[in-house]
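A.B. asks: Next comes the sequence, and after it the predicted model I'd like to discuss.
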Amino acid sequence: MKNTLLIICTFICALSLNSAVSRAALETKIVTSEKHGITAWLIEDHSMPLIAMKFGFRNAGSAQDTPETQGLARIMSNTMDEGAGDLDSKAFQQALDDQSITLSFGVSRDTFSGTLKTLTRTKNEAFNLLHMALTTPRFDQEPLTRMIEANKSRIKNAMTKPNWIGARLLNEAAFQGHPYALNSGGTLSTLDTITPEMLRAYHKKALAQDNLIIGVTGDITEEELTSILDQIFGALPKQNDLSEIPDLTLQNSGETWLFPLDIPQTTIHIAQQGPSIHDPDFHYAEIMNFVLGSSGFGSRLTESIREERGLTYGIYTLFNHYDHISLLRASTSTKNESAQEVLSLIQQEWQGMLSTPISEGELTDAKNYLIGELPLTLTSTDKIAEMLLYLQENNLSVNYLTQREHIIKNATLQDIERTTQKWLSQPHFLTVLVGKPDNIQPNKEIHDLPNVE
Amino acid sequence: MPTPSLRPLLIAASALILIFAAGFAGLYSIMQDSSAPTPAENNPLSKRTKTFNAQSYTLANGLQVIVIPNHRAPVVTHMMWYKVGAADEPHGQSGIAHFLEHLMFKGSQDMPPGEFSKTIRSLGGQDNAFTSQDYTAYYQSVAAEHLSTVMHMEAGRMRGLNPPEDHVLSERDVILEERRQRIDNSPTARFNEHLRAATFINHPYGTPIIGWFHEMEALTWDMAKAFYDKHYGPNNAILIVTGDITGPEVLDLAQEHYGDLSPITVPQRTRAQIPPLHGQVSLSEITPDIQQGQISLMFRAPSYTQNKNMSLALDLIQEIMSGGASSRLYQSLVVKQKYATAISLSYNGTALNDALISVNAYPAQGITPDTLKNAILGELSSLATDGITDQELQTAKQKAQDAAIFARDSLMGPALIIGQAMTTGATLDSVEYWAHDIAQVTKEDILQAAALYLNPSAETTHMTFGAIMPPSINKNASAASQNEGEPQ
């Protein structure tokens, strides 16, 4: 959950552009390998002697876990860099460390992904280590047990973090009955049942050429990339054998769930259904969200709750896009005595978006920010590669950022009002609270966090 | 790779705090990338090349101006660093430096409360600020054509801060909420705060940057104003601009916007001395509020400013002991002995006074804090007695050189490294030539640094130890220690 949030948050802050970004979009080349027809998006940049490659396998994320195998995809991401071919765990890590090569794997609910970062000097070694990790991972028992123990420590440590508890409970409630509701990081008991055979089986069916997407940036030419794509990814199976995951709608909307915890401050997580990134009005919804809460300073929620009343250190809204549902979320925290007040202020600002529609000034500021901010975030090789991967992950075109700039520039107050009517007029929040809030009557009190033990 | 990382916990609790909740993760990752500082291109270990090629100027009123050109995107980051931090606070007013940082967004002569950040956003830019023990910095990232506007705004609040009373009071509530969120909601953060206080006894580094709750509640505008008048002025600040612009262009703009500000009388940064530690200083807490135990060993050690040679050796020790999954501590304690499920050693040499080496670890199931502590001390003492191999030294140096190349792959990273160094007593050249200097470190230097600062039996080592554990682990403690900590 945390990883997913981080990526999505980065992107929401990042989704905007100016002429520099349009140039970058034009410079994106779609490269296809000769033998296996593997494609990658590439932006060449020879100003620094380094290369970043981000890749993902669609639909191979932790939504493929079952209740009994929670954490399987995560553990595979932790163990794929723990030995491959004739290199055991230590030899493999040593080869990476000694050459300053970063290779790691990660998993969201939808995608199994990886990142490779290397100096130009060590690129051949880096590509070879990646090839080995992807195609001949060892999944030895020793590193597997070590990763299971590390994850159990992580979970036990997180069990006292209100933010983590809130996010866990929100997933459980929002996605009830769907694989998204499971604990992607595994539970203390399911982790112990994961074996090397399970990892090998999942590896075989999840990582294939037909669900592979790749973004590359840095000191590498089109010709070179064309030839190494076959070399790195060519030995993967042609087709994956993953289960289809169904779409869903938000569950338990209108309810308030409380996890009682004896701490001075209540953590608040709120979710409602949100627009998909493919919704024709999505970019108007971005403007709406900017004014409501995504901008931090200047947003209506921050003005009302932090600036005027000093009730919180931070309140933010963001869109959470999964393959099978999109959410609009808000999160904040406040001392237990003011939890009730903050909840009603949030309701009030939601309504206020309709009763006091956004002004010309708010619209202009939002446009300037949403268009101007992207080049600020695309200032490192990794971040550019990450953007290339993000676009593919969401089935967006190479020209997406240019089209988006055009739509935002031409947005009218009517566009925003129509979008606001659609998304904010009937707030059926799912609310999750962690703490000891005064004067709150929850629909449910949860004492044992599901899918943790 | 190991999943749990202990460092963010401590950083969040003590090292650096930002005004906005968002952005912290981003900044931290930049700082982490750059934590092994800065060498030169293509690793000529002996060639004396600069890493960032920054340009340096000084205005007549004493404002230092550093420019780091970077033309990859048409954007700039503008940072104003003040040579004042939480460690410069008057006794009993803990948190005033950070409170002032928040109030800097609450209005000045020609800027109503809250308008600063809103204006930056309407320009398509981002801004934030952070407070540390030795420095306070404010930054904005914008398209290069807006640099003049940003400078005008920053100059306006350098000498003319003027927040309305009701905003001062509501902002004090905000920092109290910030403290609850960062510290009071977290048993381990509260514990680390106390361990730090014991490590830096009688020194302001032992006081939390955000402040103690009871003192924060009593902070006033008068206190903030006095602190501001005493420390905020052009000759106690460093302007750093990085991005798509040249040195002469920045200098002209800086002259126009900051040139007329009057200098202040810069106060001496005198700090209380830390007395020698006697006995074994250790702090322990057993609480049902946590499920995963955690131990910390903290060692005071020389900062770069205090002892350059030893500081460089400690940079390499960090790399050798904790530079990745193949490094010594992880291999010994997590892979082989299985006493811990996660471990890290970090040293940050940028401090005006003593720097800190901290080792943090999660004990494995059934392993007592003492067993793990003794195993860690064993690794540290073998470093001091047996030293390191030529190969280890060469690899660590190479990795330091490589880290510098990666550090340049960012807009704000180089500005952060330079700003931290220059507000803690180091020079621009010390950053530019770090790559050259680190290549001169010898095996003997490493041996000496380990023997002096990581060796509890030496008088020159100042160690504190903390363990916060859940009750169930404690129940098994006696059985486990009879076992000499065999993994179960």
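C.D. replies: Received the coordinates, thanks.
A.B. asks: Which residue ranges of the chain form strands?
C.D. replies: Let's take chain A. Counting by DSSP state E, chain A has these strands, from start to end: A:29-32, A:39-44, A:50-58, A:102-107, A:111-119, A:212-218, A:256-260, A:265-273, A:315-321, A:326-335, A:430-435, A:444-445.
A.B. asks: Sorry, I should have been clearer: chain B.
C.D. replies: Under DSSP E, chain B gives strands at B:17-18, B:55-58, B:64-69, B:75-82, B:126-131, B:136-143, B:237-243, B:281-286, B:294-301, B:340-348, B:355-363, B:462-469.
A.B. asks: Would you mind listing the residues in contact with A:Met132?
C.D. replies: A:84-85, A:87, A:92 (CB atoms under 8 Å, 6 or more residues apart in numbering or on different chains). C-beta coordinates here come from the backbone N, C-alpha and C atoms, glycine included.
A.B. asks: Grab the two from those that are most spread out in space.
C.D. replies: A:Gly85 and A:Phe92 (8.6 Å; CB to CB).
A.B. asks: Could you check which of those two is surrounded by more residues?
C.D. replies: Comparing A:Gly85 with A:Phe92 by other CB atoms under 10 Å in any protein chain shown, the one with more neighbours is A:Phe92, at 26 against 16.
A.B. asks: Quick check: the gap between the more buried one and B:Tyr232.
C.D. replies: 52 Å (CB to CB, to the nearest Å).
A.B. asks: okay, the strands of chain A, which one's buried deepest?
C.D. replies: strand A:430-435 (a mean of 27; mean count of other CB atoms under 10 Å in any protein chain shown).
A.B. asks: Would you tell me which residues of the stretch 351-453 of chain A are close to chain B?
C.D. replies: A:364-365, A:368-369, A:371-373, A:375-376, A:378-382 (CB under 8 Å from any CB of the partner chain).
A.B. asks: switch the cut-off to 7 Å
C.D. replies: Residues of the stretch 351-453 of chain A lying near chain B by CB under 7 Å from any CB of the partner chain: A:365, A:368-369, A:371-373, A:375-376, A:378-381.
A.B. asks: neighbours of the residue nearest to B:Thr395 when sequence neighbours are not counted, just the number please.
C.D. replies: Spatial nearest neighbour of B:Thr395, excluding adjacent residues (CB to CB, 6 or more residues apart in numbering or on different chains): A:Asp98 at 5.2 Å. A:Asp98: 19 surrounding residues under other CB under 10 Å.
A.B. asks: quick one: pLDDT of the nearest residue to B:Glu171 once chain neighbours are set aside?
C.D. replies: In space, and not counting its chain neighbours, B:Glu171 is closest to B:His102: 5.1 Å by CB to CB, 6+ apart. With respect to pLDDT, B:His102 scores 97.
A.B. asks: burial measure for B:His102, as a count.
C.D. replies: 22.
A.B. asks: what sits against residue 84?
C.D. replies: Assuming you mean chain A. By CB atoms under 7 Å, 6 or more residues apart in numbering or on different chains, the contact list for A:Ala84 reads A:92, A:132-133, A:136-138.
A.B. asks: that answer is for a different chain, and I need it for chain B
C.D. replies: B:97, B:136, B:231, B:236.
A.B. asks: Contact residues of the stretch 151-300 of chain B facing chain A?
C.D. replies: B:170-171, B:173-174, B:177-178, B:180-181, B:184-185, B:187, B:289-292.
A.B. asks: ok, B:His71 touching B:Thr246?
C.D. replies: No: between B:His71 and B:Thr246 there is no contact under CB atoms under 7 Å: 9.4 Å.
A.B. asks: And the helices in the stretch 51-200 of chain A?
C.D. replies: Applying DSSP state H, counting those that start in this stretch to the stretch 51-200 of chain A gives helices spanning A:72-79, A:89-98, A:123-135, A:141-158, A:162-174, A:188-192, A:196-206.
A.B. asks: now the ones you listed as TSV including distance to B:Asn360?
C.D. replies: Listed next are the helices of the stretch 51-200 of chain A as TSV, based on distance: least, CB to CB, whole Å:
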stretch	distance to B:Asn360
helix A:72-79	20
helix A:89-98	20
helix A:123-135	28
helix A:141-158	12
helix A:162-174	19
helix A:188-192	22
helix A:196-206	29
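A.B. asks: hang on, the earlier thing: got the contacts of B:Val84 as a markdown table, with pLDDT columns?
C.D. replies: Compiled in a markdown table, the contacts of B:Val84 are given as follows (pLDDT from 0 to 100):
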| residue | pLDDT |
| --- | --- |
| B:Ala97 | 98 |
| B:Thr136 | 97 |
| B:His231 | 98 |
| B:Asn236 | 98 |
